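>>> Turn this into a model:
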Amino acid sequence: MEHIAQRLHEKMTRYNWVGFYLVDPADDGVLLVGPFAGSFTPNARIPLSTGLCGAAATSGQTVVVHDVSKDPRYLAGSPLVKCEIVVPILVRKKLTAELDIESYFASAFIPPEQDFVEACAAIVGNSLRKEQAVAPTQP
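Numbering: from 1, shown residues only. You can find the predicted model right below:
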């Protein structure tokens, strides 16, 4: 996740903040900030009932907002952000993480960009699935 966040932030010029949120192992109703790269400090904890991350988590669907100033669900990380995409990452049909990308450019996540971001999230989901498959089972 750290490598993907860093590479997307470096190589995709309109991706001004790229990060992952992980379901809190102690409270599955909360997302905790994970690896990220970008120009501002993110929200450290997000309840699933809050924000665009919460909307993606509870719906299980990608959320794209082309102008965050017009969406009351947006939790501001930076006043420069204009557009956001959040892709839930499900492992065995259960929310495990999210890929969240914010841009200082309105309408940055047109359909080909959404497809690309969803493909990146799918890579992480496949990796997490494999990790869970080889993890030792609890007695």
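>>> hmm, who's touching the helix or strand containing V117?
Using DSSP states H and E, V117 sits within helix 111-134. Applying C-beta atoms under 8 Å, 6 or more residues apart in numbering, the contact partners of helix 111-134 are 1, 4, 8, 20, 62, 64, 85, 87-92, 96-99, 101, 109. The way it works is simple: take the backbone N, C-alpha and C, and place the C-beta from them, glycine included.
>>> Okay, buried residues for that helix please.
113, 117, 120-121, 124-125, 128 (16 or more other C-beta atoms under 10 Å).
>>> next one: stretch 86-97
Neighbour counts over stretch 86-97 (16+ other C-beta under 10 Å) mark 86-91, 95-97 as buried.
>>> of all the residues you listed, which comes closest to N16?
If you rank these by distance to N16 using C-beta to C-beta, V86 comes first, at 14.8 Å.
>>> How about that closest one, nearest residue that isn't a chain neighbour?
The spatially closest residue to V86, leaving aside those adjacent along the chain, is A56, at 4.0 Å (C-beta to C-beta, 6 or more residues apart in numbering).
>>> Now find how far off-centre the helix or strand containing the one you found is within its chain.
Using DSSP H and E, A56 falls within helix 51-59. Distance of helix 51-59 from the chain centroid (C-alpha atoms, centre = their mean, to the nearest Å) equals 10 Å.
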